[in-house]
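[1] With the sequence up front, the predicted model follows.
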Amino acid sequence: MSDNMTFPGDKIASIEEYEAGYNTFDDGDMVRAATIGEKIIDKNSRIANIKHPKNLSVPKPGDIIIGTVAAVMSSMIAVTIDYINDKPNSSKIECVCGTRNIRRKNIALVNDIAKLKIVSHINGTIHANMDDSNLGILFTKCRKCGGKVVPMRDAIKCTECSWIDERKLSSDFGKSDFVQVRE
Ligand SMILES: [Zn+2]
């Protein structure tokens, strides 16, 4: 993840050194980010700006996205995109991912975090897949009790109630740092 990524309220620069530019505010001491975005410090004009990732809001075929599962249907899931190629995305655009070819009882649950590859745009719908081993579910919970689950070969097991279930897990499953973009 980029070191230049900011969240609202993040300190960007001291007001003694820089003026607040686009998408920033001055709290009397520091220039802070007003939005999620990329920090752009202009050393010549001494202005600190945040570039909002609006222009990155529509993923292209080949892009890797991380998002939140919004709906699970019989042959596809809908995912709200939170990151495109590791850059935060606040546009809440959705993509769909066909799951018919995946031989699992459960592919994903609503509110799971999924990593997908964008494959095409068809009639205004963004299509993705999770066919590679690094694609699939990054974070999920137990369907019965909402407890923490751990992977067990191709399955997952709840650490609270021992319920065994399936997901199409990413090889990155359990690596919690995929969302640790702060600090
Ligand atoms: Zn459980």
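    Received the coordinates, thanks.
[2] what does this structure put close to the ion?
    Residues of the chain lying near the ion by CB under 5 Å from the ion: 142, 144, 145, 147, 158, 160, 161, 163. All C-beta atoms are positioned from the backbone trio N, CA, C, and that covers glycine.
[3] Dump these to TSV, plus neighbour count and secondary structure.
    Converted to TSV, those look like this (neighbours: other CB atoms under 10 Å; DSSP: H, G, I helix; E, B strand; the rest coil):
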residue	neighbour count	secondary structure
142	20	coil
144	12	coil
145	13	coil
147	15	coil
158	19	strand
160	13	coil
161	11	coil
163	14	coil
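[4] Kindly indicate which of those residues lies nearest residue 107.
    Residue 107 has its nearest neighbour among the residues of the chain next to the ion in residue 142, at 15.8 Å by CB to CB.
[5] what about the helix or strand encompassing residue 120, average pLDDT?
    Using DSSP states H and E, residue 120 sits in strand 113-122. Mean pLDDT, strand 113-122: 93.
[6] Could you do stretch 24-32 as well?
    Rounded mean pLDDT across stretch 24-32 is 90.
[7] From start to finish, how long is that stretch in a straight line?
    Stretch 24-32 stretches 5 Å from its first residue to its last (CA to CA, to the nearest Å).
[8] now do stretch 88-102
    First residue to last in stretch 88-102 (CA to CA) measures 28 Å.
[9] buried ones in that stretch?
    88, 89, 93, 95, 96, 97, 98, 99, 102 (16 or more other CB atoms under 10 Å).
[10] how distant is the helix or strand harbouring the fifth one from the center of its chain?
    What that stands for is residue 96. Here residue 96 sits within strand 94-98, counting by DSSP H and E. Computed by CA atoms, centre = their mean, to the nearest Å, the chain-centroid distance of strand 94-98 equals 14 Å.
[11] Can you give the contact residues for that strand?
    59, 65, 67, 70, 75-81, 114, 116, 118, 125-130 (CB atoms under 8 Å, 6 or more residues apart in numbering).
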